[in-house]
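Chemist: what's the 3D shape of this:
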Amino acid sequence: MSYQLIEDHISQDTQQAFEQIAEAARSGEVIGGAFVLILRKRRFLVNLCGAGAKDPVFTRGALLSLDDQLRNLVRRHADSSTSL
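Modeler: Purely as a prediction, here's the structure:
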């Protein structure tokens, strides 16, 4: 019988981040959210909850801040891949 090594796709930092978010929600610190969940096979889910749905103007501003961070990551990734 032969065995095949299966790669572990469980992200420890993702688990820790969501555990911290859950604890903050239980304590009342987190009162809402707007989120994207990235799933296997390049799928994703988007949703709003709590204050994220109740105050869409604030939520859009917060999401633009995230968009800025992602834009910077994309630029750094592009810069590092062209400077080989």
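Chemist: can you pull out the strands in the chain?
Modeler: Taking DSSP state E, the strands of the chain run over residues 32-39, 43-50.
Chemist: Is it possible to get CSV of these that adds mean neighbour count, mean pLDDT and distance to Asp13?
Modeler: All C-beta spots, glycine's among them, are computed from the backbone N, C-alpha and C. Shown next, in CSV, are the strands of the chain (neighbours: other CB atoms under 10 Å; pLDDT from 0 to 100; distance: least, CB to CB, whole Å):
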stretch, mean neighbour count, mean pLDDT, distance to Asp13
strand 32-39, 13, 97, 13
strand 43-50, 11, 98, 18
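Chemist: Mind giving me the packing neighbours of the longest helix belonging to the chain?
Modeler: For the chain, the helix with the greatest residue count under DSSP state H is helix 56-82. Judged by 3 or more CB pairs under 8 Å, 6 or more residues apart in numbering; DSSP states H and E, helix 56-82 is in contact with strand 32-39, helix 51-54.
Chemist: Okay, Leu45 and Arg26: tell me how far apart.
Modeler: Counting by CB to CB, to the nearest Å, the gap from Leu45 to Arg26 is 22 Å.
Chemist: Hmm, I typed the wrong one, I wanted Ala62.
Modeler: Noted for Ala62: a distance of 21 Å to Arg26, by CB to CB.
Chemist: and if you look at Arg42?
Modeler: Arg42 sits 32 Å away from Arg26, going by CB to CB.
Chemist: Same question for Gln69.
Modeler: As judged by CB to CB, Gln69 and Arg26 stand 26 Å apart.
Chemist: cool, Ile38 as well?
Modeler: To Arg26, Ile38 is 24 Å away according to CB to CB.
Chemist: in this protein, what spans have low per-residue confidence?
Modeler: Within the chain, the ranges that satisfy pLDDT under 70 run 1, 5-8, 83-84.
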